[in-house]
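>>> sharing a model that was predicted from the sequence below.
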Amino acid sequence: MMDIKTIQHKLNSRPRKNLNYQKPFEIFYKFVNGKIAFAS
C-alpha cells in the first residue's frame, strides 16, 4: 500500500490539461519567481 506522500507526489508531478500540460509545481515555481504575468 502506498503512503500519502507517494500518492501526493504522483498527483502533483502529473501534467494537467487545464494548466496547458504543465505540472502544478512548474506553475508554482514560476509564480514564486515572478515569471507569470497577470492580466489586468
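Received it, and whenever you're ready, just let me know what you need.
>>> pLDDT weak spots in this protein?
Within the chain, the set of residues satisfying pLDDT under 70 comprises 35-40.
>>> closest to the centroid, which residue in it?
Against the mean C-alpha coordinate of the chain, by Cα atoms, centre = their mean, the closest residue is residue 24 at 0.6 Å.
>>> now residue 3: how far from residue 22?
Computed as Cβ to Cβ, to the nearest Å, the residue 3 to residue 22 distance reads 26 Å. For glycine as for every other residue, the C-beta is placed from the backbone atoms N, C-alpha and C.
>>> look at the two and report which has more neighbours.
Between residue 3 and residue 22, residue 22 has the larger neighbour count (other Cβ atoms under 10 Å), namely 13 against 7.
>>> my guess is that one contacts residue 15, does it?
Yes. If you go by Cβ atoms under 8 Å, residue 22 and residue 15 touch, sitting 6.3 Å apart.
>>> and the helices in the chain?
With DSSP state H as the criterion, the chain has helices at 4-12, 24-32.
>>> so which of those helices is the most surrounded?
Greatest average neighbour count among those goes to helix 24-32 (a mean of 12), per mean count of other Cβ atoms under 10 Å.
>>> contacts for it, please.
Helix 24-32 has contacts (Cβ atoms under 8 Å, 6 or more residues apart in numbering) with 12-13, 16, 19, 36.
>>> can you pick the most crowded of the residues you listed?
Going by other Cβ under 10 Å, residue 16 tops the contacts of helix 24-32 with 14 neighbours.
>>> so who does that one touch?
Neighbouring residues of residue 16 by Cβ under 8 Å, 6+ apart: 22-24.
>>> for residue 17, same thing?
Residue 17 sits next to no residue when contact means Cβ under 8 Å, 6+ apart.
>>> going forward, the N-terminal residue is numbered 59.
With 59 as the first residue, the last one maps to residue 75.
>>> distance-wise, check it relative to residue 92.
Between residue 75 and residue 92 the distance, using Cβ to Cβ, works out to 25 Å.
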